[in-house]
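J.: model the structure of this input:
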Amino acid sequence: MNLIIGLGNPGKEYQHTRHNVGHMVADKYDKIFKTDTYMNESGIFVQKKVHFYKIPLENLFIIHDDLDVPIGEYRLQFDRGPAGHHGIESIIQHLNSQAFWRYRIGIGRPPENIPVEKYVLQPFNSSEKVLIDQVIDKIVAELSNLGS
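T.: Predicted structure coming up:
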């Protein structure tokens, strides 16, 4: 059995922000858990689910936003460091391992005048939203083929 978890922040005010692409995938594919904690505390949620379902970490898939991947692209990677993503840092800390799968969905880099903390909490513009929807559809198709 695979455990698939989409990262994001709870609450309507964060629903359509860049930081919530993991939740957006979960909304499209109903076999994914959505974290109910804030991003920086994602490890608490993930650890509880991993222990409750007794999932080996190689069967854990985390879906999250990534500044280092261009909008419209994603990477599926295993056993990678957090690269500054606080949600992933929290998960690695709580699981005491980074040996799990990650769908890194590109949200691009902010313009120079916008701090990262503000950028990730902004919604996508209309052209970006088209690209994000395409990526979400590709990931949902891949997850459907994984089985759970």
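
J.: packing partners of the longest helix seen in the chain?
T.: Across the chain, the longest stretch assigned as helix under DSSP state H is helix 126-146. Secondary-structure packing of helix 126-146 (3 or more CB pairs under 8 Å, 6 or more residues apart in numbering; DSSP states H and E): helix 21-28, strand 60-66, strand 74-78, strand 101-106. For every residue, glycine as well, the C-beta is placed using N, CA and C.

J.: that one: how far from the chain's middle?
T.: 13 Å (CA atoms, centre = their mean, to the nearest Å).

J.: and for stretch 136-148?
T.: Relative to the chain's own centre, stretch 136-148 is displaced by 14 Å; criterion: CA atoms, centre = their mean.

J.: now stretch 96-110
T.: For stretch 96-110, the distance to the chain centre is 7 Å (CA atoms, centre = their mean).

J.: so for that stretch, what gets flagged as buried?
T.: Q98, F100, W101, R102, Y103, R104, I105, G106, I107, G108, P110 (16 or more other CB atoms under 10 Å).

J.: just the element for H51, please.
T.: Using DSSP states H and E, the element containing H51 is helix 42-53.

J.: helix, strand or coil for the closest residue to I44 other than its chain neighbours?
T.: Using CB to CB, 6 or more residues apart in numbering and skipping residues adjacent in sequence, the residue nearest I44 is T37, 5.5 Å away. With DSSP: H, G, I helix; E, B strand; the rest coil as the basis, T37 sits in coil.

J.: gap between H94 and N20?
T.: 20 Å (CB to CB, to the nearest Å).

J.: again but with N9, I slipped
T.: 6 Å.

J.: what's the angle between the longest helix of the chain and helix 21-28?
T.: 60 degrees (axes from the mean of the first three to the mean of the last three CA atoms, to 10 degrees).

J.: wait, L95 sits on Q47?
T.: Yes - counting by CB atoms under 8 Å, L95 does reach Q47; the two are 6.0 Å apart.

J.: out of the helices and strands packed on helix 126-146, which is closest to N2?
T.: The closest of the helices and strands packed on helix 126-146 to N2 is strand 60-66. By CB to CB, the value is 6.1 Å.

J.: residues touching the residue nearest to the spatial centre of the chain, list them.
T.: Among the residues of the chain, the one closest to the centroid is H64, at 1.6 Å (CA atoms, centre = their mean). H64 is in contact with G6, L7, V21, G22, H85, G87, I88, R102, Y103, R104, I105, counting by CB atoms under 8 Å, 6 or more residues apart in numbering.
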